[in-house]
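Peer 1: Sequence and predicted structure are below.
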Amino acid sequence: MRQFLKTTAIVSLCALIATPSFAANMVTELGDGEGELNIVAWPGYIERGETSADFDWVTGFEKATGCMVKVKTANTSDEMVALMNEGGFDLVTASGDASLRMVAGKRVQPINTALIPSWDSIDERLKEAPWHFVDQTHYGTPYMWGPNILMYNTKVFGETPPSSWSVVFEEQNLPDGESNIGRVQAYDGPIHIADAALYLMTHKPELAIVSPYELNADQYAAALDLLREQRKLVSRYWHDAFIQIDDFKNEGMAASGSWPFQRNLLQSDGAPIASVIPQEGVTGWADTTMMHVDSANPNCAYLWMEHTLSSNLMSDLSVWFGANPAVPAACTDGRGMQTAEGCTKNGFDEFDRVSFWTTPVTRCESQDECVPYYRWVSDYIGVIGGR
């Protein structure tokens, strides 16, 4: 699977380097729903009450539209790109490190925002975000966003939260007096290189890193060196949120980069878990519902995109996943479970401190030439493998 994802990333990024534009046939009017809808999504993003009866935003949609929803979960952005390249899906909830690859690879089609009545309710910070708005064209509907938090065990750290990502990058004794070796985790995806680069922006300013996604050869080498040192500390490279939850419950994990989703579920179970945004800032994800260029069910796809913008769905999803809604009213209008305080906990006011995932390309804005994503893929596999 790793080799397949690596090959897929390389093929996709060859298109990105040239950054071509293309004109797909944009849908101009809607008809009746086709009766089915196939979506690639992050785990926990599309719930129908099976995990918890309180969280179901599929059943009502199916009854109202006749569009029966099938979901294929993907644990990484590379897996999402691979699935969309295979075809057979209508929509994908893509993060920024996947969305631009799919635009460049012609796997998704432009979105006609006039066919989405609730478009104007979207957060102005997201409407024309560069991970889905390309060449003055919308390629998706904003869905959710959030920071990659530093999650930690409060029994280990006591009443003083960790203030720096150093607890997962550098060998040290933690506040409980024990070493962090074998007690921290790291994300199992090439985009984790950006977390290392973000850390170096603060701790090695002489590298002059402007963006953690735009690294020249020397900056990139420094990030890989840091990750090789981190490998000596890491007990597991995680990509499955539920396995990470189990590790924090049962395997003595002290700290890791994580998503608010895991933090919230652990806290709801009474686990001694909290999270912070450290002094170096965080990377993060802003996910967009994008439509496959060969979608067989475009009417159901547009009905779903409109459905996702309802503030009650956005509100409940925000509570469930620990993320921030693309519709700000979902934090305050009382139509769902979320509150203004809950959105603040999820980082809604920290937007400017988040370096959102995007696809590294050769022709970058901050300098003449940067290391492209296909290198990130192969080199990160090497880091995990001890090379």
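Peer 2: Nice, thanks for sending it over.

Peer 1: Could you use CA atoms for every contact and neighbour count after this?
Peer 2: Will do.

Peer 1: And the strands in the stretch 201-350 of the chain, which stretches?
Peer 2: 234-238, 255-258, 273-276, 282-291, 324-325 (DSSP state E, counting those that start in this stretch).

Peer 1: residue closest to the middle of the chain?
Peer 2: residue 285 (3.7 Å; C-alpha atoms, centre = their mean).

Peer 1: So it sits against residue 147, correct?
Peer 2: Yes: if you go by C-alpha atoms under 8 Å, residue 285 and residue 147 touch, sitting 6.5 Å apart.

Peer 1: quick one on the thing from earlier: most tightly packed of the strands of the stretch 201-350 of the chain?
Peer 2: A comparison of the strands of the stretch 201-350 of the chain by mean neighbour count, using mean count of other C-alpha atoms under 10 Å, puts strand 324-325 on top with a mean of 31.

Peer 1: so where is this structure shaky, pLDDT-wise?
Peer 2: 1-24 (pLDDT under 70).

Peer 1: Confirm that residue 186 sits in a helix.
Peer 2: No: going by DSSP: H, G, I helix; E, B strand; the rest coil, the assignment for residue 186 is strand, not a helix.

Peer 1: How many residues are close by it?
Peer 2: 23 (other C-alpha atoms under 10 Å).

Peer 1: burial measure for residue 115, as a count.
Peer 2: 16.

Peer 1: Please disregard the earlier target; I meant residue 124.
Peer 2: The number of residues packed near residue 124 is 12, by other C-alpha under 10 Å.

Peer 1: swap in residue 65?
Peer 2: If you count neighbours by other C-alpha under 10 Å, residue 65 ends up with 17.

Peer 1: picking that back up, what are the neighbouring residues in contact with the residue nearest to the centre of the chain?
Peer 2: Residue 285 sits next to 95-96, 145-148, 356-357 when contact means C-alpha atoms under 8 Å, 6 or more residues apart in numbering.

Peer 1: partner residues bridging it?
Peer 2: residue 146 (DSSP bridges).

Peer 1: about what we covered before: tabulate the strands of the stretch 201-350 of the chain in CSV, adding columns for distance to residue 351.
Peer 2: Formatted as CSV, the strands of the stretch 201-350 of the chain follow (distance: least, C-alpha to C-alpha, whole Å):
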stretch, distance to residue 351
strand 234-238, 25
strand 255-258, 17
strand 273-276, 14
strand 282-291, 9
strand 324-325, 10
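
Peer 1: so which of those strands gets nearest residue 107?
Peer 2: strand 282-291 (8.4 Å; C-alpha to C-alpha).

Peer 1: what distance separates that closest one from the middle of the whole chain?
Peer 2: 5 Å (C-alpha atoms, centre = their mean, to the nearest Å).

Peer 1: Can you give me the distance of the nearest residue to residue 28 once chain neighbours are set aside to residue 44?
Peer 2: Nearest residue to residue 28, sequence neighbours excluded (C-alpha to C-alpha, 6 or more residues apart in numbering): residue 112, at 6.9 Å. Using C-alpha to C-alpha, to the nearest Å, residue 112 is found at 27 Å from residue 44.

Peer 1: just residue 195 next, same as before
Peer 2: Distance from residue 195 to residue 44, by C-alpha to C-alpha: 23 Å.

Peer 1: more neighbours, these two?
Peer 2: When residue 195 and residue 44 are compared for neighbours, residue 195 comes out ahead with 27 against 15, by other C-alpha under 10 Å.

Peer 1: In this structure the more buried one contacts residue 212, no?
Peer 2: Yes: counting by C-alpha under 8 Å, residue 195 touches residue 212, with 7.3 Å between them.

Peer 1: Overlap in contacts, these two.
Peer 2: Joint contacts of residue 195 and residue 212 (C-alpha under 8 Å, 6+ apart) do not exist.
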